[in-house]
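Peer 1: Build the 3D model from these lines:
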Amino acid sequence: MPKYLSIGRLTRGVVVVKLIAVSVIFALVVLLVSGPLRIGVSGGLKVSRREIHYPMNNTSQRHLPPKALSLPGETVHLQMAQLRNFLPNVFLHPGSREDSERYRSSVLAYLHNPKSGGTSMRQCLEELSQDAGKPPPVLVSIDTISEVTTRHLNKAIKVSDFYVGDASFGICDSVDGRPCSYFALMREPFERSISHYFFCRSGGESWPPCNNTLEEFTLSLCSLFFRQMTTRLSCDHVVKSNASSPWTCNNRATSIDHYIHKNARNRAATLEYILANMDEYFAVIGIVDEFETSLKLFEHAFGYPFHRTCNNIQLNRARYTAGDKEIIYAESKARLMQNEKVRECLHEDIQIYEQVLKIFETEKHIFANL
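Peer 2: Numbers count the residues shown, from 1 in each chain. So this is what the prediction gives:
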């Protein structure tokens, strides 16, 4: 497993203030899940929560609404609204379903969330690319994204058909001349953290290390999927007549999470914007608990034989004594769910996962009736 994004522990503050902030966030989420609502947040920003079933126009390549977020101290390249060149969910957008060829000819960018079937999917994409006579997937990790993006922008390498990695969300920005599709598998956040921890404890390669308790390990990562979705790379264009490589990118990507983790209202606004646009960001999204069905959705969306090729691939599984996995998971999950700091830490990923479940059920329903 490559070295993944690490998330620092939540900043300590006055306990009473923290509890109030968490209560406000949870209250907002409960209200939002119950129905459409408009809320006001800092800076006069208004974020609209949309239902999954709604009429859309037939634009195939979507740009999110301008001026979506304006966060103190945040640079423009980190704003979620700056994402571009991605195709919306093929099942939820009627115009997209009619334009299926654009998806089948698009660049595929798989967001690898650790311990969510990602290593199996990487092997799957390698086999699919080989069978199709195409180059293997390009790894877009936190360590390689700068080099890959810089080469794209400077036209130093040909755009690949497949990208995969923990930092692949955002790579479509630098793909020129072709539509681009993000897709992913997501896992229930408590279970993902437990799987990651025991995989590491059983000798699997992991970042961060696991020489601590399950609770401490979980707090060192927090909402990893949220952080992966908000990681951006800063690139500058220098206009020089003799410059063969006018684009330069920072050596390391930076997460918007770094700027907003101390501000509960800005963090809530960012989360809400992501929740409202999940069906825009991902051309299709699956869940680990229904791996086979997810493969069928990927296959329908992109035309590659995901199900036939990849259904029996299961890699990087933690080792357990026979019969004890269910007991370990149940006990571990109960511990994490009873820990207030852990619940707060995983708040963003829990909300994203609930939204993904709604999208996934809609995808399945539409697919079954095609």
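
Peer 1: then the longest helix belonging to the chain to PDB, C-alphas only?
Peer 2: Across the chain, the longest stretch assigned as helix under DSSP state H is helix 347-368. Only the C-alpha atoms of helix 347-368 are listed here, as PDB (Å, rounded to 0.1, in the frame of the first residue of the first chain):
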ATOM      1  CA  HIS A 347     -18.100  13.200  11.000                       C
ATOM      2  CA  GLU A 348     -17.400  14.300   7.400                       C
ATOM      3  CA  ASP A 349     -16.800  10.800   6.100                       C
ATOM      4  CA  ILE A 350     -20.000   9.500   7.800                       C
ATOM      5  CA  GLN A 351     -22.100  12.200   6.100                       C
ATOM      6  CA  ILE A 352     -20.400  11.600   2.700                       C
ATOM      7  CA  TYR A 353     -21.000   7.800   3.100                       C
ATOM      8  CA  GLU A 354     -24.700   8.400   3.800                       C
ATOM      9  CA  GLN A 355     -25.000  10.500   0.700                       C
ATOM     10  CA  VAL A 356     -23.100   7.900  -1.400                       C
ATOM     11  CA  LEU A 357     -25.500   5.200  -0.200                       C
ATOM     12  CA  LYS A 358     -28.400   7.300  -1.500                       C
ATOM     13  CA  ILE A 359     -26.700   7.800  -4.900                       C
ATOM     14  CA  PHE A 360     -25.700   4.100  -5.000                       C
ATOM     15  CA  GLU A 361     -29.300   2.900  -4.400                       C
ATOM     16  CA  THR A 362     -30.500   5.300  -7.200                       C
ATOM     17  CA  GLU A 363     -27.800   4.000  -9.500                       C
ATOM     18  CA  LYS A 364     -28.900   0.400  -8.900                       C
ATOM     19  CA  HIS A 365     -32.500   1.200  -9.400                       C
ATOM     20  CA  ILE A 366     -31.900   3.000 -12.700                       C
ATOM     21  CA  PHE A 367     -29.500   0.200 -13.900                       C
ATOM     22  CA  ALA A 368     -32.000  -2.500 -13.100                       C
END
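
Peer 1: average pLDDT across it?
Peer 2: For helix 347-368, mean pLDDT is 97.

Peer 1: Would you mark the buried spots in it?
Peer 2: Residues of helix 347-368 classed as buried by neighbour count (16 or more other CB atoms under 10 Å): 347-353, 355-356, 358-360, 362-364, 366-367. Just so you know, the C-beta spots here come from the backbone N, C-alpha and C atoms, and that holds for glycine as well.

Peer 1: Setting aside sequence neighbours, what's the nearest residue to residue 255?
Peer 2: Closest residue in space to residue 255, ignoring its immediate chain neighbours: residue 231 at 4.6 Å, by CB to CB, 6 or more residues apart in numbering.

Peer 1: How about residue 159?
Peer 2: Among residues not flanking residue 159 along the chain, residue 175 sits closest, at 5.4 Å (CB to CB, 6+ apart).

Peer 1: Contacts only, for that neighbour.
Peer 2: When contacts are counted by CB atoms under 8 Å, 6 or more residues apart in numbering, residue 175 touches 85, 107, 152, 159.

Peer 1: and if you look at residue 238?
Peer 2: By CB under 8 Å, 6+ apart, the neighbours of residue 238 are 246-248.

Peer 1: which one of those is nearest residue 264?
Peer 2: residue 248 (35.1 Å; CB to CB).

Peer 1: Now name the helix or strand holding that closest one.
Peer 2: Assigning secondary structure by DSSP states H and E places residue 248 in strand 247-249.

Peer 1: rewinding a little: who wins for most neighbours among the contacts of residue 238?
Peer 2: Within the contacts of residue 238, residue 247 tops the neighbour count with 18 neighbours, counted by other CB atoms under 10 Å.

Peer 1: Can you show me the strands along the stretch 151-300 of the chain?
Peer 2: Along the stretch 151-300 of the chain, counting by DSSP state E, counting those that start in this stretch, strands occupy 162-165, 180-186, 231-232, 235-237, 247-249, 254-255, 282-287.

Peer 1: can you tell which of these is closest to residue 95?
Peer 2: strand 282-287 (13.1 Å).

Peer 1: Distance from that closest one to the middle of the chain?
Peer 2: 10 Å (CA atoms, centre = their mean, to the nearest Å).

Peer 1: Could the C-alpha coordinates of that strand be exported in PDB?
Peer 2: The C-alpha trace of strand 282-287 is given here as PDB (Å, rounded to 0.1, in the frame of the first residue of the first chain):
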ATOM      1  CA  PHE A 282     -18.300  11.100  -9.700                       C
ATOM      2  CA  ALA A 283     -19.400   9.500 -13.000                       C
ATOM      3  CA  VAL A 284     -20.300   6.400 -11.000                       C
ATOM      4  CA  ILE A 285     -19.600   5.500  -7.400                       C
ATOM      5  CA  GLY A 286     -19.900   2.100  -5.700                       C
ATOM      6  CA  ILE A 287     -19.600   0.700  -2.200                       C
END
